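1. Provided below are the primary sequence and the corresponding predicted coordinates.
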Amino acid sequence: MLRQELSDALKTAMLGKDARTVSTVRLILAALKDRDIAARPNGLADGIPDTEILQMLQSMIKQRRESITIYEQGGRLELAEREAEEIVIIERFLPRQMTAEEVSEAIRAVIADIGATGIKDMGRVMAALKERHAGLMDFSRASAVVKVELGG
């Protein structure tokens, strides 16, 4: 489903002569193709599933946010602005992100479901969160909440 959305977005952007969207969607499709090729030896001949595509998009957004910080520190505001525009384009393909309250509720539910008792269970909690809520939350922020919830 996401693959079709990406292809359709590329066609629409090309017809509308939207250069920024064309280049960003092409970057997404290139990253997706790389991941699909890497997944073939693992028996995924049809490519990676949508949950992994969502994780890939999240990581692309995270990379761009880090770049924005670096560009702003270096006084390269035009490059920071370009990265911000790409974030907006990438976010179009993600489902609505969970609010901070929803993230906390999801974390508490996972902790209860798997019976996590301490910081040593953090890896299991994060794995369960990624499985259940791929593409719906920022896992780097969620890990800080998990640490607090587990008493770390």
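-> In hand now; what should we look at?

2. next secondary structure after the helix ranked longest in the chain?
-> For the chain, the longest helix by residue count, based on DSSP state H, is helix 50-73. Next helix or strand after helix 50-73 toward the C-terminus (DSSP states H and E): helix 77-91.

3. next helix or strand past that following helix?
-> Downstream of helix 77-91, the next assigned helix or strand under DSSP H and E is helix 100-114.

4. skipping adjacent residues, who's closest to the spatially most central residue of the chain in space?
-> Centroid check for the chain by Cα atoms, centre = their mean gives Q58 as the closest residue, at 1.2 Å. Nearest non-adjacent residue to Q58, counting by Cβ to Cβ, 6 or more residues apart in numbering: G135, 6.2 Å away. No exception for glycine: its C-beta is placed from N, CA and C like everyone else's.

5. what is the neighbour count of that neighbour?
-> Residues lying near G135 (other Cβ atoms under 10 Å) number 20.

6. that one reaches L54, doesn't it?
-> Yes: between G135 and L54 there is a contact under Cβ atoms under 8 Å: 2.7 Å.

7. now do the shared contacts for these two.
-> Counting by Cβ atoms under 8 Å, 6 or more residues apart in numbering, the shared contacts of G135 and L54 are L94, P95.

8. now I107: how far from L150?
-> According to Cβ to Cβ, to the nearest Å, I107 stands 9 Å off from L150.

9. assign T12 to helix, strand or coil.
-> helix (DSSP: H, G, I helix; E, B strand; the rest coil).

10. ramachandran coordinates for P95?
-> phi -70, psi 170 (degrees, to the nearest 10).

11. how many residues are close by it?
-> Neighbour tally, P95, other Cβ under 10 Å: 10.

12. do the same with the one 5 residues further on
-> A100 is flanked by 11 other residues according to other Cβ under 10 Å.

13. domains of this protein?
-> Split into domains by automatic domain parsing, the chain comes to 2-91, 100-149.

14. can you put those domains in TSV and add mean pLDDT?
-> Output for the domains of the chain, formatted as TSV (pLDDT from 0 to 100):
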stretch	mean pLDDT
domain 2-91	93
domain 100-149	88
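
15. that concludes my questions; thank you for your assistance.
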